[in-house]
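Colleague: Here is my input; please provide its structure:
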Amino acid sequence: MNPMSLVTLPPALLRAGFEHHAGATHGERHERAVALAIGLAAVVAALAMVAGELFA
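Modeller: Model prediction:
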């Protein structure tokens, strides 16, 4: 498994994290927040795997 594949976030996830929609409903903001949290968790997991390989 290539750990770098986990840190290559899909464009939709990047848009979810960084775009600002003026009229977004609470549900839309929640969906974007969840998508960003999942993406960040994947990045942290990938970094932990890389660190584990380096220091093992």
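Colleague: Mind jotting down where the strands sit in this protein?
Modeller: Ranges of strands within the chain: none, based on DSSP state E.
Colleague: so where's it shaky on pLDDT?
Modeller: Along the chain, the parts satisfying pLDDT under 70 run over 1-23.
Colleague: Please report the distance of Ala45 from Gly39.
Modeller: According to C-beta to C-beta, to the nearest Å, Ala45 stands 11 Å off from Gly39. Backbone N, C-alpha and C define where each C-beta goes, glycine included.
Colleague: Which residue of those two possesses the greater neighbour count?
Modeller: Gly39 (18 against 13; other C-beta atoms under 10 Å).
Colleague: Would you quantify the distance from that one to His26?
Modeller: Gly39 is 20 Å from His26, by C-beta to C-beta.
Colleague: How about Met49?
Modeller: 35 Å.
Colleague: more crowded one of those two?
Modeller: When Met49 and His26 are compared for neighbours, Met49 comes out ahead with 13 against 7, by other C-beta under 10 Å.
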